[in-house]
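Asks: next come a sequence and a model predicted from it.
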Amino acid sequence: MKLNRLLQIIFGFVLLFSVSCTSDYEEIIPEITYNNGFFITNEGNFQTPNADVTFITKDLSLTQNDIYKAKNNNENLGDVLQTMVLNGNKAYLLLNSSNKIKVVDRVTFKKTGEISEQVNNPRYMAVANGNLYVTNDQFGAGKFVTVYKLSDNSFVKKIDFAATSTVEGIVEAGGNIYVQNTNSFNPGTTITKINTSNNTIDPTPIQVPNGNNINKIISYNNSVYAIVEGTSNSYIHQIPAAGGVITTTTLTGIEKGTNLQIDGGRFYFSSKNKIYSMAMNATTAPTSPLITAVDGGDYFTLYGFSVLDGRIFTVDVKGFTEASEITVYTTAGTAISKFKAGKGPNGVYKNY
């Protein structure tokens, strides 16, 4: 059942109520809000302002596409919605090609502000110490992290990285910020720590011990977790924010591990179109996948992948030529829902 059908029912009920009652009663049409479900960030086509956000209710029964435009006087969201961060009563929407971050109320999705100062080819965001940290990686040019006050969106500082570096994924752990120094074009095995007390770079990068390319970093329980590919195996490294020994889980025989997620004490990750699951304290890698997803080729397979509260969201982006299809599974690998979203969904975010 689509959300527009729900609106028809609501409007019909209001109309019936108003006709059957006296004029002493005023029609009240409840506002649609988005505080009990999931946001899905639809990237859109490059150099085309067709990025948007889809909302689906927690029980997966109702969906609404393009909620930003619906709530902001038909305004286009922008060009290439790379990622979203939820903090307090706000949602921050990073638009890579538009070079801006739009701020909305996370319940009504109405725009409350915008950040554009020193934003240049932004990639990802994280929140720490009352600030928003944004990675910016200009092709063949500047590499830096910009810092903004959450209280008023004002610019705080630009933290420059070496021209030979890469700034990509970014997470908070233990109150500090960690930056992934690799992407698909610039492989590597280092992570940089930013001390949020003074917004300076720790001079000694963190070197992961195995593998030849970090594909993703995430934060969980005050540790940074990195999934790293090797020649024939992949690896998951746990990096404690408090310092100490890096713990490694070897994913024997699993190539090009990526899309790392943690949910319910288990790792979830992918290799090509295969999705695997294993306990975080397991000592051996799984030998068979939990789910085999649609194979979209080297660039589009599992373009979006998220695991939240016992649900696995997988995306078939249809080559960015039509509306994407999202399939939701239980953590046992059983498909429970399928629905359409916008162009190129790249992430799912819990809003409850």
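Replies: Yep, it's here.
Asks: so residue 176 makes contact with residue 131?
Replies: No: with contact defined as Cβ atoms under 8 Å, residue 176 and residue 131 do not form a contacting pair (11.6 Å). The way it works is simple: take the backbone N, C-alpha and C, and place the C-beta from them, glycine included.
Asks: hey, what's in contact with both of these two?
Replies: Common neighbours of residue 176 and residue 131 (criterion: Cβ atoms under 8 Å, 6 or more residues apart in numbering): residue 196.
Asks: surely residue 278 touches residue 287?
Replies: No: applying Cβ under 8 Å, one finds residue 278 not in contact with residue 287, separated by 10.3 Å.
Asks: between the two, tell me which one has more neighbours.
Replies: Legend: neighbour count by other Cβ atoms under 10 Å for residue 278 and residue 287, higher for residue 278 (18 against 9).
Asks: that one and residue 177, how far apart?
Replies: Going from residue 278 to residue 177 by Cβ to Cβ, to the nearest Å gives 28 Å.
Asks: end-to-end on stretch 193-205?
Replies: Stretch 193-205 has an end-to-end distance of 7 Å (criterion: Cα to Cα, to the nearest Å).
Asks: how far does that stretch sit from its chain's centre?
Replies: With Cα atoms, centre = their mean, to the nearest Å as the basis, stretch 193-205 stands 24 Å off its chain's centre.
Asks: same question for that stretch, mean pLDDT?
Replies: Average pLDDT, stretch 193-205: 97.
Asks: need the contact list for residue 133.
Replies: Counted by Cβ under 8 Å, 6+ apart, residue 133 has contacts 125-127, 145-147, 170, 172, 177, 194.
Asks: just these: which are in strands?
Replies: Within the contacts of residue 133, residues falling in strands by DSSP state E are 125-127, 145-147, 170, 172, 177, 194.
Asks: about what we covered before: and which of the contacts of residue 133 is nearest residue 154?
Replies: Of all these, the one sitting nearest residue 154 is residue 147; the distance, using Cβ to Cβ, is 10.0 Å.
Asks: dig out what the closest one forms beta bridges with.
Replies: With DSSP bridges as the criterion, residue 147 is bridged to residue 133, residue 157.
Asks: what about it, how many neighbours?
Replies: If you count neighbours by other Cβ under 10 Å, residue 147 ends up with 21.
Asks: I'd say it and residue 177 touch.
Replies: No: in this structure, residue 147 is not within contact of residue 177 by Cβ under 8 Å, at 9.1 Å.
Asks: correct me, but residue 255 touches residue 232?
Replies: Yes: Residue 255 is within contact range of residue 232, at 6.3 Å (criterion: Cβ under 8 Å).
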